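1. build the 3D model from these lines:
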Amino acid sequence: MIWNEPGPSPVQFKIRDIEPSDLNEVLALNNAAVPHVNALPLEELDRFRSVAAYFRVAQADTPVLGFLVAFLPGADYGSENYQWFLAGYDDFIYIDRIVVAPTAAGQVDLVHDDLPVL
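-> From the prediction side, this is the model:
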């Protein structure tokens with residue numbers, strides 16, 4: 001994206017904790033982003049709510065525009081990549097996935113807008 005070209009107006013959004021009612025929207029966003037992230041069943045996504053240190057969504061009005069899932073050391077998470085960090089580091093934040101809806105691409109920055117609260 002070239003920043004000085006006219007484009008869509010920035011999306012106004014808020015970042016909040018995921019709620020059970022968001023899971024179907026988040027699942028659709030996640031699975032539409034394959035192969036950039038792996039597909040997940042709804043049960044695994046729901047399990048992330050209890051094991052992830054950070055699982056928040058960006059929302060404007062009603063649609064969920066994106067989400068970020070991150071884990072801290074000691075989480076019950078079997079990802080090979082997460083396990084690599086766990087074996088080599090004592091203190092880290094493992095960002096497992098960031099997914100943003102195509103309609104909000106380049107306008108929703110979950111990492112810089114919220115993640116530092118950990």
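2. low-confidence ranges in this structure?
-> By pLDDT under 70, the low-scoring segments of the chain are 1-11, 62, 108-113, 115-118.
3. can you give me the strands in it?
-> Applying DSSP state E to the chain gives strands spanning 14-17, 54-59, 64-71, 94-100.
4. output those strands as JSON lines; include the columns mean neighbour count and distance to residue 44.
-> Every C-beta, even on glycine, is put in place using the N, C-alpha and C of the backbone. Converted to JSON lines, these look like this (neighbours: other C-beta atoms under 10 Å; distance: least, C-beta to C-beta, whole Å):
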{"stretch": "strand 14-17", "mean neighbour count": "14", "distance to residue 44": "18"}
{"stretch": "strand 54-59", "mean neighbour count": "22", "distance to residue 44": "12"}
{"stretch": "strand 64-71", "mean neighbour count": "24", "distance to residue 44": "11"}
{"stretch": "strand 94-100", "mean neighbour count": "19", "distance to residue 44": "11"}
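5. turn the ones you listed into CSV, columns for distance to residue 27.
-> Formatted as CSV, these follow (distance: least, C-beta to C-beta, whole Å):
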stretch, distance to residue 27
strand 14-17, 17
strand 54-59, 12
strand 64-71, 10
strand 94-100, 10
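6. residue 24: which of the ones you listed is closest?
-> Closest approach to residue 24 among the strands of the chain (C-beta to C-beta): strand 64-71, 9.5 Å.
7. and the angle from that closest one to strand 54-59?
-> Interaxial angle, strand 64-71 versus strand 54-59 (axes from the mean of the first three to the mean of the last three C-alpha atoms, to 10 degrees): 170 degrees.
8. just checking, what packs against strand 64-71?
-> helix 23-32, strand 54-59, strand 94-100, helix 110-114 (3 or more C-beta pairs under 8 Å, 6 or more residues apart in numbering; DSSP states H and E).
9. and the ones you listed: which comes nearest residue 12?
-> Closest approach to residue 12 among the helices and strands packed on strand 64-71 (C-beta to C-beta): strand 54-59, 10.2 Å.
10. give me the angle between the closest one and helix 23-32.
-> For strand 54-59 against helix 23-32, the angle by the same axes, to 10 degrees is 90 degrees.
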